[in-house]
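[1] From the sequence below, what's the structure:
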Amino acid sequence: MNLHHRKASAVASFWLSVLLTAIWMHPALADGVIFFDISLGVGHSADQRAILVFDPETKTQTMVLSTMYVGQPADFAWVIPVPNLPSRDQVAVWEGGEIAFWELFDKTEPRLQRGDGITEIVTIEGCSYCGSAGDKAPLGSGFLGVEVVDRLQIKGLDITLLNAQSATDLTGWLNANGYRFPEGAVNVLEHYISKGWSFVAVKVDTPDEESQSMLPPPPPLWRGYFPRNPLKLTFRTDRCVFPMRISSVSSRPSGSGILIYVFAPYRVRAENFPTVEMKPPTLTVSTLADFRLAYQEAFQKLLDQPQGRALVVEYAKPSLGQDFGEFIRSLLVPWQTYYLTRLRTIFRPDHMTDDIVFVPNETNEIVDVIIIQPQSHARLWKWSLMLGLATFWFGIRRRQKTAKKEALLIGLLTTLALGGL
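    From the prediction side, this is the model:
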């Protein structure tokens with residue numbers, strides 16, 4: 001063997017040993033096959049998204065909201081019921097809130113363990129507990145059953161804090177001030193007024209006619225979450241709540257996707273709606289699209305329970321507040337332990353009969369949905385790698401008498417490193 005060939009063989013041997021060592025030392029899961037976690041992307045674009053942070057000791061809740069909207073931003077209007085009005089400094093348009101949603105999505109999304117890096121996202125269109133904004137009108141009291149407690153202009157939004165004693169007067173006030181609330185939905189407002197709740201009314205802060213005439217024409221049809229920076233409200237409440245009933249006013253008849261992340265000292269469930277756990281389905285498919293479809297079918301089967309439409313727990317684990325990124329940490333006490341529960345559902349308007357009240361679950365059992373790649377596909381991947389490495393080694397050592405035996409040995413060692421045949 002000449003010097004050049006010996007050097008080539010030495011280099012090949014070195015890099016092959018490095019590869020085998022890396023394979024051997026890589027974390028092995030399930031049957032010993034190497035996998036990479038890939039997000040299924042099934043809950044990314046829900047129509048309504050919320051982060052709820054509830055402290056039962058101080059009886060306070062922080063609620064971060066964003067909703068899917070299709071149209072011109074200036075046409076957007078939003079009415080949010082709350083158990084007690086936040087103060088002026090407890091209302092914020094949260095820059096960085098979108099990053100917080102992304103972090104929670106990445107941490108809690110059901111995952112597939114497999115050997116490639118394909119990722120896809122499901123998108124869903126819709127709009128939730130929002131109406132249409134009409135022409136701006138004076139905030140005057142002309143409606144005796146309505147009290148305007150405060151009004152704020154924050155980052156392009158006009159936010160009004162309201163108390164109301166009359167659903168009819170509140171409907172009149174909303175319509176007079178550009179919210180176009182349906183007259184036929186007075187009973188929904190009565191639901192909240194009878195409980196003593198208050199309201200946060202939100203719309204785009206449109207300029208006056210003179211200023212508006214100097215602006216460029218509006219952009220094309222806009223689609224995405226509104227506000228671009230989520231709305232953050234903090235208020236007093238005895239119980240952790242999500243104001244669902246008002247969503248029946250504007251949700252699509254076919255159903256709206258709802259995704260809620262709850263931080264509390266315990267894992268939560270809905271008190272007044274069925275709550276079920278998502279179990280990793282047994283699958284025999286091999287492509288990412290097939291996995292996602294099979295997961296969605298398993299999810300859909302869980303929604304309809306004998307007691308009614310359910311919320312599905314897809315993630316539940318304890319963590320310290322400091323374990324999260326800076327934006328979520330700003331909502332939490334750093335050294336306090338929180339149980340993060342992710343719940344998702346699809347509600348039609350007829351399902352939205354009440355607001356969702358969250359209470360401690362019977363157990364704090366961990367839920368983390370990981371779907372394992374089928375064995376047949378994993379074995380095919382191992383055999384392909386073994387054959388490829390053996391062929392590579394034989395090509396380098398083909399002039400040696402022991403090349404065939406060495407190639408077979410390399411292939412067998414590779415297979416053993418990957419967890420056996």
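[2] from what I can see residue 233 touches residue 88, true?
    No. Using Cβ atoms under 8 Å, residue 233 is not in contact with residue 88, being 11.5 Å away. C-beta: built from backbone N, CA, C; applies to glycine.
[3] Looking only at neighbour counts, state which of the two leads.
    Taking other Cβ atoms under 10 Å, residue 233 and residue 88 do not tie; residue 233 has more neighbours (20 against 13).
[4] And the strands in the stretch 101-250 of the chain?
    Per DSSP state E, counting those that start in this stretch, the stretch 101-250 of the chain carries strands over the ranges 111-114, 130-132, 146-154, 157-164, 198-204, 222-236, 240-242.
[5] where does the chain have low pLDDT?
    1-37, 69-76, 114-141, 206-224, 226-227, 281-286, 373-421 (pLDDT under 70).
[6] Domains in it, by residue range?
    As given by automatic domain parsing, the domain ranges for the chain are 3-35+375-417, 40-125+223-372.
[7] quick one: the strands in the stretch 251-400 of the chain?
    With DSSP E, counting those that start in this stretch as the criterion, the stretch 251-400 of the chain has strands spanning 256-264, 268-270, 275-277, 304-305, 308-309, 311-320, 337-347, 356-360, 367-368, 370-372.
[8] Distance to residue 193 and mean neighbour count added to those, as a markdown table?
    What follows is the strands of the stretch 251-400 of the chain, written out as a markdown table (distance: least, Cβ to Cβ, whole Å; neighbours: other Cβ atoms under 10 Å):
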| stretch | distance to residue 193 | mean neighbour count |
| --- | --- | --- |
| strand 256-264 | 24 | 24 |
| strand 268-270 | 23 | 24 |
| strand 275-277 | 28 | 17 |
| strand 304-305 | 31 | 12 |
| strand 308-309 | 25 | 15 |
| strand 311-320 | 26 | 20 |
| strand 337-347 | 23 | 23 |
| strand 356-360 | 18 | 20 |
| strand 367-368 | 37 | 16 |
| strand 370-372 | 45 | 17 |
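[9] which stretch among those comes nearest residue 229?
    Closest to residue 229 of the strands of the stretch 251-400 of the chain, according to Cβ to Cβ: strand 256-264, at 17.3 Å.
[10] What pairs with that closest one, parallel or antiparallel?
    Using DSSP bridges, strand 256-264 pairs in its sheet with strand 48-55 (parallel), strand 337-347 (antiparallel).
[11] pretty sure residue 305 is in contact with residue 275, am I right?
    No. Residue 305 lies out of contact with residue 275 (Cβ under 8 Å); the separation is 9.1 Å.
[12] Which residues are in contact with the nearest residue to residue 187 once chain neighbours are set aside?
    Nearest non-adjacent residue to residue 187, counting by Cβ to Cβ, 6 or more residues apart in numbering: residue 167, 7.5 Å away. Contact partners of residue 167, counting by Cβ atoms under 8 Å, 6 or more residues apart in numbering, are 186, 187, 189, 190, 193.
[13] on that earlier part again, of all the strands of the stretch 101-250 of the chain, which lies closest to residue 320?
    Among the strands of the stretch 101-250 of the chain, if distance is taken as Cβ to Cβ, the winner is strand 240-242, at 19.9 Å.
[14] what comes up buried for that closest one?
    Going by neighbour count (16 or more other Cβ atoms under 10 Å), the buried part of strand 240-242 is 240, 241, 242.
[15] which residues touch it?
    With contact meaning Cβ under 8 Å, 6+ apart, strand 240-242 is reached by 50, 52, 54, 56, 61, 63, 83, 260, 262, 264, 268, 355-359.
[16] Closest to residue 155 out of these?
    The shortest separation between residue 155 and any of the contacts of strand 240-242 is 17.8 Å, and it belongs to residue 63 (by Cβ to Cβ).
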